[in-house]
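**Student:** Let's see this in three dimensions:
(2 chains)
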Number of protein chains: 2
Amino acid sequence: MATNFQVISKQGKARVGQLTTPHGTIETPVFMPVGTQATVKGLTPLQLEEINVSIILANTYHLYLRPGADIVAELGGLHNFMNWHKPILTDSGGYQVFSLGEMRKVNNEGVIFRSHLDGSSHHFTPELAIQIQEQLGADIIMTFDECAIPDERQTAEQALERTHLWAERCLHVKKRADQALFGIIQGGIFPDLRRASAEFITSLEFPGYAIGGLSVGESKTDMLKTLDMMDEILPNEKPRYLMGVGTPLDLIEGVKRGMDMFDCVLPTRLARHQSAQTLHGRLNLMNAKYTQDPQPIDPQCQCYTCLHFSRAYLHHLIVAKEILAGTLISIHNLFTLVELMKRIRQEISKGTFDKFAQHIMPMMLEDS
Amino acid sequence: MATNFQVISKQGKARVGQLTTPHGTIETPVFMPVGTQATVKGLTPLQLEEINVSIILANTYHLYLRPGADIVAELGGLHNFMNWHKPILTDSGGYQVFSLGEMRKVNNEGVIFRSHLDGSSHHFTPELAIQIQEQLGADIIMTFDECAIPDERQTAEQALERTHLWAERCLHVKKRADQALFGIIQGGIFPDLRRASAEFITSLEFPGYAIGGLSVGESKTDMLKTLDMMDEILPNEKPRYLMGVGTPLDLIEGVKRGMDMFDCVLPTRLARHQSAQTLHGRLNLMNAKYTQDPQPIDPQCQCYTCLHFSRAYLHHLIVAKEILAGTLISIHNLFTLVELMKRIRQEISKGTFDKFAQHIMPMMLEDS
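**Tutor:** Numbering: from 1, shown residues only, chains lettered A, B, ... in the order given. Have a look, this model is predicted:
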């Protein structure tokens, strides 16, 4: 068995679960930092462990192009390659290929696209996406889907048809028994398409389900309406992964609607742009008002950065263009989300999650 | 007493010593990583501790300009500011001001120079250099000296006269009892000037002596000839610091000639340029031949990087422009020098340093 999932406790739709994989057990709800190119930018695996990260993401499209899945396989797979021996999830590359815009052409067979690195031409199919992910060797792998512009009905319908076709083909060619293949639900912002997609994809009996194509430009209301529908369609006993979502506010919104897994590049991207996340909004540490500020980013936070460094020091590193700034702020931003998820699990277990969410959400800014 | 130095054992001119400072005891010979802007580039203080770094350098000129010595002082001094609670040495800024070339004017009073950051005008004097270093609060501080082009007799003479004058002024204004002020010996490549400088500076009875103005463009022969003279002039019971020197080969050459302390930006600078140091030369990890190389940088090395990552992974990080590359290679490069110094201390203690040096030096390339 590649993975095993158990719901431990529930409050409303919110669930605490345990997802067991060949590389360890993940407590859910969980935030998964993104290591696109086989590195969570600026952090060593040891630093990720110190933050209590339990699972990370890597990217099929990027690793296929560079260094190549065969090289990663030869070097013992992704876990050995990047020295991360806890669970890894690889996304299938569907979203990245979709993001190439003019540089890709889709038909039922697959996608022909040009590399963003050198313009070279590539042909991605569901079969190839699975083959690459089997070479990379993550614990959880994803079906190859077509992500469409969320509010264009016709393209959403077409994309959905292909996504379903491709999900079956992925399932059909998957060989490795130690990897769990999650199915992806698409359908844009259209409730009937989302329902049809959820029903079709769950009928294929994947060990986990992802909600794709959200947080890609649609309104917050549309995102939440889509999530609102999901709990009753998705089987209770399988993990649910809301792709690409990761502000503190959205994490709580997702958990409230029965989501278990989340990923987002935001915490590390913000950090590289001098922005520190807290549950009550962001601090732009480039701001001159921090020049002499002896406080840590967040006086409540127990991360390595907040326990040892002042805003003034971080401001100095930023102004002096020292890369340690990005590393220290990334540590803080990721720790903040990891701790939030831990708190959320505790609150659900105690049956106080609703109260916690009611208390904390009004204090959160939209960007937090 | 700010510092206390004891020679523990000797072999020829080579010495093992213990330098006790308010922030801990340093075993010498020691290599000191450089944290110019109050950060050893790309590494957290925790990572430096894991490498067993016992003392680091910071830079008076750079910290005076940014963030300003008053800000560092307000935030509790350099140790608190950068969260490094082991010994720190600040150099005086003499070398940096000298490096400004056309942008500075020297007279007996001091140096007027333009900031490399914004062109603003500043007036550095020996008194100001001490005041800044007292604000920064390092364990070991340095006299403000004039570093001259090493092979121009006339400028070397003039610079020497000022360096001596300024050393006396530094000593005169120094107030903090918990800091040790080291005197700097100049004199370019001229044996008579070097002798005169060493005799004058040691007559002022500093708690430690530095050899400045080497490794700045003179030939290796000239550097070694200068060092050859020093042991008999310098008092045995005081630490000796060879400034700016730090290739593995030069470290051994320095230790052989009775030097105790060394600093160099090379290990971290090389790392940021994809170059890994070993005792047998450098590896440019950008080279395509490492694309699939499963070996660590140095199979003998026990650093975090070599224990966990292949050359292929480091090559991938470099090609993918991931900053983790610089961090991981810096860890390796610094560890290599820290371990070399530890080995050197062991060999001196056992009375086998000469044999060790004879064995290893022919295997070292000039750049190693």
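**Student:** Please make it C-alpha for all contacts and neighbour counts, starting now.
**Tutor:** OK.
**Student:** Go ahead and report the secondary structure state at the residue of chain A positioned farthest from its centre.
**Tutor:** Distance from the centre of chain A peaks at residue A:292, with 35.8 Å (Cα atoms, centre = their mean). Put simply, residue A:292 is coil when judged by DSSP: H, G, I helix; E, B strand; the rest coil.
**Student:** my read: it touches residue B:71, true?
**Tutor:** Yes - here residue A:292 reaches residue B:71: they are 6.4 Å apart, a contact under Cα atoms under 8 Å.
**Student:** just to revisit the earlier point, name the nearest residue to the residue farthest from the centre of chain A, ignoring sequence neighbours.
**Tutor:** Take residue A:292 and drop its neighbours on the chain: the residue closest to it by Cα to Cα, 6 or more residues apart in numbering or on different chains is residue A:312, 5.0 Å away.
**Student:** In PDB, list the C-alpha atoms belonging to stretch A:347-355.
**Tutor:** The C-alpha coordinates for stretch A:347-355 follow below in PDB (Å, rounded to 0.1, in the frame of the first residue of the first chain):
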ATOM      1  CA  GLU A 347      -8.400  23.100  17.800                       C
ATOM      2  CA  ILE A 348     -10.300  20.600  15.600                       C
ATOM      3  CA  SER A 349      -9.300  17.800  18.000                       C
ATOM      4  CA  LYS A 350     -10.600  19.800  21.000                       C
ATOM      5  CA  GLY A 351     -13.800  20.700  19.100                       C
ATOM      6  CA  THR A 352     -12.900  24.400  19.300                       C
ATOM      7  CA  PHE A 353     -11.900  25.000  15.700                       C
ATOM      8  CA  ASP A 354     -15.000  27.000  14.800                       C
ATOM      9  CA  LYS A 355     -14.400  29.300  17.800                       C
END
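**Student:** Count the neighbours of residue A:136 for me.
**Tutor:** For residue A:136, the neighbour count with other Cα atoms under 10 Å in any protein chain shown is 30.
**Student:** cool, residue A:189 as well?
**Tutor:** 24.
**Student:** I'd say it and residue A:222 touch.
**Tutor:** Yes - contact criterion Cα under 8 Å: residue A:189 and residue A:222 qualify, at 6.0 Å.
**Student:** who in the stretch 151-300 of chain A is up against chain B?
**Tutor:** Contact residues (Cα under 8 Å from any Cα of the partner chain) of the stretch 151-300 of chain A with chain B: A:291, A:292, A:294.
**Student:** In contact with the residue nearest to the first one when sequence neighbours are not counted: list those residues for me.
**Tutor:** Right, the one you point to is residue A:291. Nearest residue to residue A:291, sequence neighbours excluded (Cα to Cα, 6+ apart): residue A:312, at 4.8 Å. Residues in contact with residue A:312 (Cα atoms under 8 Å, 6 or more residues apart in numbering or on different chains) are A:290, A:291, A:292, A:293, A:294, A:295.
**Student:** For the second one, give its distance to residue A:271.
**Tutor:** Using Cα to Cα, to the nearest Å, one gets 18 Å for the distance from residue A:291 to residue A:271.
**Student:** When those two are compared, which one has more neighbours?
**Tutor:** residue A:271 (25 against 19).
**Student:** and residue A:9, that one's in a helix?
**Tutor:** No - remark: residue A:9 does not belong to a helix; assigned using three-state DSSP, it is strand.
**Student:** Chain neighbours aside, what residue packs nearest to residue A:26?
**Tutor:** The shortest distance from residue A:26 to any non-neighbouring residue, by Cα to Cα, 6+ apart, is to residue A:19 (5.0 Å).
**Student:** Tell me which other helices or strands the helix or strand containing the one you found touches.
**Tutor:** Assigned by DSSP states H and E, residue A:19 belongs to strand A:14-21. Taking 3 or more Cα pairs under 8 Å, 6 or more residues apart in numbering or on different chains; DSSP states H and E as contact, the helices and strands that strand A:14-21 lies on are strand A:4-11, strand A:24-28, helix A:248-256, helix A:324-350.
**Student:** now the angle between helix A:248-256 and the shortest one, please.
**Tutor:** Strand A:24-28 runs at 100 degrees relative to helix A:248-256, counting by axes from the mean of the first three to the mean of the last three Cα atoms, to 10 degrees.
**Student:** cool, the longest one as well?
**Tutor:** Orientation of helix A:324-350 against helix A:248-256 (the same axes, to 10 degrees) gives an angle of 30 degrees.
**Student:** Residue nearest the middle of chain A, spatially speaking?
**Tutor:** Short answer for chain A (Cα atoms, centre = their mean): residue A:263, at 1.7 Å.
**Student:** tell me the SS of that residue?
**Tutor:** strand.
**Student:** Just give the closest residue to the residue of the stretch 201-350 of chain A found nearest chain B, not the sequence neighbours.
**Tutor:** Closest approach between the stretch 201-350 of chain A and chain B, counting by Cα to the nearest Cα: residue A:324, at 5.0 Å. Distances taken as Cα to Cα, 6+ apart put residue B:42 closest to residue A:324, at 5.0 Å, once the chain neighbours are dropped.
**Student:** is it fair to say the one you found lies in a strand?
**Tutor:** No - per three-state DSSP, residue B:42 lies outside any strand segment and is coil.
**Student:** can you count the residues close to it?
**Tutor:** 27.
**Student:** mind checking how far it is from residue B:176?
**Tutor:** Taking Cα to Cα, one finds residue B:42 at 32 Å from residue B:176.
**Student:** now swap in residue A:320 and tell me
**Tutor:** From residue A:320 to residue B:176 the distance is 29 Å (Cα to Cα).
**Student:** same thing with residue A:31?
**Tutor:** Residue A:31 is 50 Å from residue B:176, by Cα to Cα.
**Student:** Those two: which is more packed in?
**Tutor:** Applying other Cα under 10 Å to residue A:31 and residue B:176 shows that residue A:31 carries more neighbours, namely 27 against 15.
**Student:** worst-scoring helix or strand of chain A, pLDDT-wise?
**Tutor:** helix A:94-99 (a mean of 84; mean pLDDT, DSSP states H and E).
**Student:** Mind checking what helix or strand follows it in sequence?
**Tutor:** Following helix A:94-99 in sequence order, the next helix or strand is strand A:104-106 (DSSP H and E).
**Student:** So for stretch A:106-123, what gets flagged as buried?
**Tutor:** A:106, A:110, A:111, A:112, A:113, A:114, A:115 (16 or more other Cα atoms under 10 Å in any protein chain shown).
**Student:** Oops, could you answer that again for stretch A:3-19 instead?
**Tutor:** By neighbour count with 16+ other Cα under 10 Å, stretch A:3-19 contains the buried residues A:3-7, A:10-11, A:14-19.
**Student:** tally of neighbours for the closest residue to residue A:287 other than its chain neighbours?
**Tutor:** Among residues not flanking residue A:287 along the chain, residue A:315 sits closest, at 7.6 Å (Cα to Cα, 6+ apart). By other Cα under 10 Å, 24 other residues sit near residue A:315.
**Student:** Residue A:315 contacts residue A:284, correct?
**Tutor:** No - with contact defined as Cα under 8 Å, residue A:315 does not count as touching residue A:284 (9.1 Å).
**Student:** Assumed residue A:301 was part of a strand.
**Tutor:** No - read with three-state DSSP, residue A:301 is coil and lies in no strand.
**Student:** how deep is it tucked in, by neighbour count?
**Tutor:** Neighbours of residue A:301 using other Cα under 10 Å come to 16.
**Student:** Look up phi and psi at it.
**Tutor:** phi -80, psi 140 (degrees, to the nearest 10).
**Student:** Distance check, it against residue A:291.
**Tutor:** 20 Å.
**Student:** Thanks a lot, catch you later.
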